[in-house]
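**Q** below is the sequence, then the predicted model.
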Amino acid sequence: MRIKNEYHIHSVAGENLVIARGKKRTAIRILSLNPNAVWLWEQLAGVDFTEEDVICLLLFRFDLEIEVDLPTIISDVRRWIDVLLRHNILEL
């Protein structure tokens, strides 16, 4: 999977937002990202990746800071991917 090139993070009033305008939609969707989601986006923008790649990135990130809870990381990664898929931001 890959983050679609037409989507970018914008900082608005201290929030990190992906403002997604679908090609066939006139409505605008706004998706707010927490700091970890922004970090993942920055690491993965422009490259193909798998769920396992995202898990490994977070394991690396958190291993340097806190004790890692693998089941939570896996759940969070799946939720992050699901949100991006539902907003049509990822291409498979």
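**A** That came through, no problem. Numbers count the residues shown, from 1 in each chain.
**Q** check which helix or strand covers Ser11.
**A** Here Ser11 sits within strand 9-12, counting by DSSP states H and E.
**Q** now that strand, how far from the centre of its chain.
**A** In terms of CA atoms, centre = their mean, to the nearest Å, the centre of strand 9-12 is set 14 Å apart from its chain centre.
**Q** could you point out which element follows that strand?
**A** Going down the chain from strand 9-12, the next helix or strand is strand 15-21, by DSSP H and E.
**Q** just checking: what are the partner strands of that following strand?
**A** Paired strands of strand 15-21, with direction, are strand 9-12 (antiparallel), strand 28-33 (antiparallel) (DSSP bridges).
**Q** minimum distance to Ile74: which of these has it?
**A** Taking CB to CB, strand 28-33 is the member of the strands paired with strand 15-21 nearest to Ile74, at 19.1 Å. The C-beta positions use only the backbone N, C-alpha and C, and glycine is treated the same way.
**Q** and the nearest residue to Ile74 once chain neighbours are set aside, how many neighbours?
**A** Using CB to CB, 6 or more residues apart in numbering and skipping the chain neighbours, the partner closest in space to Ile74 is Ile55 (6.1 Å). Using other CB atoms under 10 Å, the number of residues around Ile55 comes to 16.
**Q** what of Leu40?
**A** Leu40 has 24 neighbouring residues, counting by other CB under 10 Å.
**Q** repeat for Ala13
**A** 5.
**Q** repeat that for Val54.
**A** 21.
**Q** now do the contacts for it.
**A** Neighbouring residues of Val54 by CB atoms under 8 Å, 6 or more residues apart in numbering: 40, 44, 77, 80-81.
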